[in-house]
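In: when you get a sec, could you give me coordinates for this:
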Amino acid sequence: MISRSIFFDGYLPDAKLDVRTDRMNRLYTKLEDLYESNLHGCPASYVTQEAAGPDLKLFEDVTAGDRLVNPSFLVPSVIDALKNHEKYQSVTQLVPGEADQFCADDVCEQGGTVLTSDSDLLARNLGHGRVAFFGDLRENDSSKITFKSFVPEKIFETIGLKYPEKALQLAYERQISPRAKFSEIVLRSSRDLSPSAGYLVFQSRYASLTSSSLWKSGKCKLPSLKYSDPRLSEMMLNFHLLRQEESTPLPVRMFLPTLLESPALKSAWDPSTCIRQLAYSLVRYSTITGDDHSVQEFRRIENLPSKGRKIPLLPLSLIKHRMEEIVSCGTKLKSFYNCGDYQFWIALGIAMEMLDSQRQGVAPVALHIYERSRDLHPPSTSTHVSWDDIHIYAQIQGILYSFRILQQVLDSVEEQSLKEAIVGHEDVCSILKQLTPVAHFPNFHDSLEATKDLCQKKVLENITGTLGTTHGEGLQFGGNNSHTENEAVDQNSSVNCTQSSSRSLFRNNMFSSLFID
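Out: Residues are numbered from 1 along each chain as shown. Below is the predicted model:
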C-alpha cells in the first residue's frame with residue numbers, strides 16, 4: 001500500500017507556537033480534572049493497557065473527552081518500528097520541516113495519494129494528487145483495506161474556483177466562518193482577497209521561512225536527522241538556524257511529551273533535567289559559540305501565555321564533568337545490572353539526580369522513591385492506583401526518555417573538535433548504545449518493582465560514596481525524609497548550573513507488541 005515515502009514532522013514553524021501551547025494547556029486541564037475527581041487514586045485502567053495486535057480502530061476519531069492523552073512516546077515508537085522494518089526503513093524520513101509540505105511537494109511532482117490525519121493537506125498544492133485520511137480506513141469482507149480519497153484539483157473545478165490559487169483562501173474563509181453554508185464560503189472565496197491581519201497570520205502557518213525552505217535552497221547545513229525523534233530534531237534545527245544569516249534569532253524551544261503524573265507534585269520531568277541539560281549543551285557546542293544561550297523547555301502548562309522553563313546551558317568544563325559522572329556511575333552499576341537492563345538506566349538516572357541535587361542544595365527525589373518503595377505491596381485487582389506511585393512511574397519514564405535524548409544527540413554530533421575535547425565521549429556513547437528502546441520501556445508494575453529492587457540491594461548506597469558527598473548531614477536512605485514538592489507547574493522558572501564538589505495486573509507495556517506486518 002505504501003510505495004514511496006513516509007514523512008514525519010522534524011520542525012514546526014514559530015507561527016504554530018500558540019497552537020502547541022494551547023494544546024498542552026488543554027491536556028494539563030484534563031489531567032487536573034482527572035486528579036480532582038479521583039483524589040483517592042488514579043483509575044487503574046490508565047496504566048493497565050493490554051497488549052493487542054494491529055487494529056484499524058486506532059485511527060478512528062474520538063471525542064475530546066474519550067482520551068486523557070495519547071501514549072507519551074507513541075510517535076518515537078512508531079518511527080523505531082518503521083526504521084527496523086525491512087520494507088519501510090528505506091522510505092521512512094524525518095524531514096527538516098512540516099511533513100505536510102513534503103507530502104504535498106512529493107505528490108505534486110510525482111502524483112499519488114497522501115495518507116494523513118491532517119486536513120491541512122487540502123489547503124496545499126497537490127497538483128493532480130489525492131488525499132486520504134487515516135480515520136477513513138476500513139477493512140472489508142475480504143480483509144482488504146479500503147478508504148475514501150479526495151482529489152482537490154477536481155473538487156475546485158466542480159465548485160468553480162481556481163486551484164491551487166484559491167485553496168488557502170477557501171480554508172481561511174471556512175476557519176473564520178465555521179457555521180456558514182459551504183455555498184457562502186465558496187462565494188466569498190471567489191472574490192478578490194484584501195489581506196487582513198488575521199489572514200496574514202493564517203497564511204504564515206503555511207509560508208514561514210523554516211528550515212525546510214532553507215534546506216531546499218541549499219543555504220542551510222543541517223544535522224543528520226537519521227537517529228532523532230521529532231521533538232529533538234526540532235530543537236537541534238533551531239540551534240542550526242541560529243547561525244544562519246537569513247534567520248531572525250528566536251528562542252530555542254523543547255516540547256516534552258505529556259506524561260500521566262500527579263498534578264499536585266512537581267513535574268515528573270524534573271528529576272531528569274540534568275540529563276537533558278547535558279544533551280542541550282552538547283547540541284549548542286556543536287553548532288554555535290558563546291555562552292548566552294538557553295533552551296526554553298515546555299513540560300506542562302497551567303496558564304497561557306507560557307514561556308516554558310529556562311534551562312541554561314553548561315560551559316565545556318561542566319559538560320566534561322557530567323560525562324565523567326555518567327561513566328563513573330555507570331561503571332559502578334555494572335556490578336549490579338547489565339547495561340541492557342532497564343533497571344540499570346533507572347538506577348543511573350536516579351544517581352545522576354542525586355548528584356544534581358547536591359549541586360542545587362536540595363533533597364533528592366531518590367529519598368522519596370526509597371521511602372515509598374518500603375510501602376509497596378504486590379499489585380492487586382484494585383480499580384485505582386496511588387497517585388504517588390503514578391508519579392514515580394512518570395519520573396522513571398522521564399529518566400529513560402531523557403537518556404534517549406542524550407543518546408540521539410551524541411549520535412548526531414558531527415563536530416570532531418567537540419568529540420576530542422570531551423574526555424569519555426566514546427565511553428558514554430558505548431554505554432548509551434545499550435539503552436533500553438522505547439518499545440521495551442518498563443510498564444507500571446515493572447517500574448515500581450525496579451525501584452523496590454534498588455532499595456533491597458542497596459544499590460545507590462553502594463555507588464554514591466565514590467561519587468562525592470552530600471551537603472549537610474548527607475543522604476539518609478530509609479530515614480524519615482519529608483517530601484515537599486512546590487512549583488507544581490513550571491512557569492518561567494529556571495535551573496541553575498553549578499559544579500559539584502566531587503507479573504500480574506500491570507504486566508503489559510503498551511509498546512511491547514508494536515510491530516508491522
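In: what are the ranges of the strands in the stretch 151-300 of the chain?
Out: Assigned by DSSP state E, counting those that start in this stretch, the strands in the stretch 151-300 of the chain fall at 252-255, 294-298.
In: so which of those strands gets nearest Trp269?
Out: Trp269 sits nearest to strand 294-298 of all these, at 7.8 Å, using C-beta to C-beta. Backbone N, C-alpha and C define where each C-beta goes, glycine included.
In: need the contact partners of the closest one.
Out: Strand 294-298 has contacts (C-beta atoms under 8 Å, 6 or more residues apart in numbering) with 20-21, 24, 235, 251-256, 269, 273, 276, 280, 306-313, 490, 494.
In: low-confidence ranges in the stretch 351-500 of the chain?
Out: Applying pLDDT under 70 to the stretch 351-500 of the chain flags the ranges 375-381, 414-421, 423, 464-500.
In: now the helices for it?
Out: Under the criterion DSSP state H, counting those that start in this stretch, the stretch 351-500 of the chain contains helices at 365-373, 387-412, 416-421, 425-432, 444-457, 459-464.
In: would you mind giving those as JSON lines with distance to Arg4 and mean neighbour count added?
Out: What follows is the helices of the stretch 351-500 of the chain, written out as JSON lines (distance: least, C-beta to C-beta, whole Å; neighbours: other C-beta atoms under 10 Å):
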{"stretch": "helix 365-373", "distance to Arg4": "47", "mean neighbour count": "22"}
{"stretch": "helix 387-412", "distance to Arg4": "26", "mean neighbour count": "23"}
{"stretch": "helix 416-421", "distance to Arg4": "35", "mean neighbour count": "12"}
{"stretch": "helix 425-432", "distance to Arg4": "33", "mean neighbour count": "18"}
{"stretch": "helix 444-457", "distance to Arg4": "39", "mean neighbour count": "20"}
{"stretch": "helix 459-464", "distance to Arg4": "49", "mean neighbour count": "20"}
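In: any idea which of those gets closest to Gln175?
Out: Judged by C-beta to C-beta, the one of these that comes nearest to Gln175 is helix 387-412, at 34.5 Å.
In: and the angle from the closest one to helix 425-432?
Out: Taking axes from the mean of the first three to the mean of the last three C-alpha atoms, to 10 degrees, helix 387-412 and helix 425-432 form an angle of 130 degrees between their directions.
In: of the helices of the stretch 351-500 of the chain, which approaches Gly112 most closely?
Out: Smallest distance to Gly112 across the helices of the stretch 351-500 of the chain (C-beta to C-beta): 30.7 Å, for helix 387-412.
In: name the helices or strands packed onto the closest one?
Out: Identification of packing neighbours for helix 387-412 by 3 or more C-beta pairs under 8 Å, 6 or more residues apart in numbering; DSSP states H and E yields helix 230-242, helix 273-287, helix 342-360, helix 365-373, helix 425-432, helix 444-457.
In: right, and the helices of the stretch 351-500 of the chain - which one's nearest Val95?
Out: Closest approach to Val95 among the helices of the stretch 351-500 of the chain (C-beta to C-beta): helix 387-412, 15.3 Å.
In: wait, doesn't Pro164 sit right on His128?
Out: No: with contacts counted by C-beta atoms under 8 Å, Pro164 stays clear of His128, the gap being 11.3 Å.
In: look at these two and report which has more neighbours.
Out: Pro164 (17 against 13; other C-beta atoms under 10 Å).
In: contacts for whatever helix or strand Phe102 lives in?
Out: Per DSSP states H and E: Phe102 is located in helix 99-110. Helix 99-110 is contacted by residues 4-5, 7-10, 93, 95, 112-114, 116, 118, 120-121, 124-127, 129-130, 206, 212 when judged by C-beta under 8 Å, 6+ apart.
In: just the ones of those residues in strands?
Out: Mapping those onto strands (DSSP state E) picks out 7-9, 93, 95, 113-114, 116, 130.
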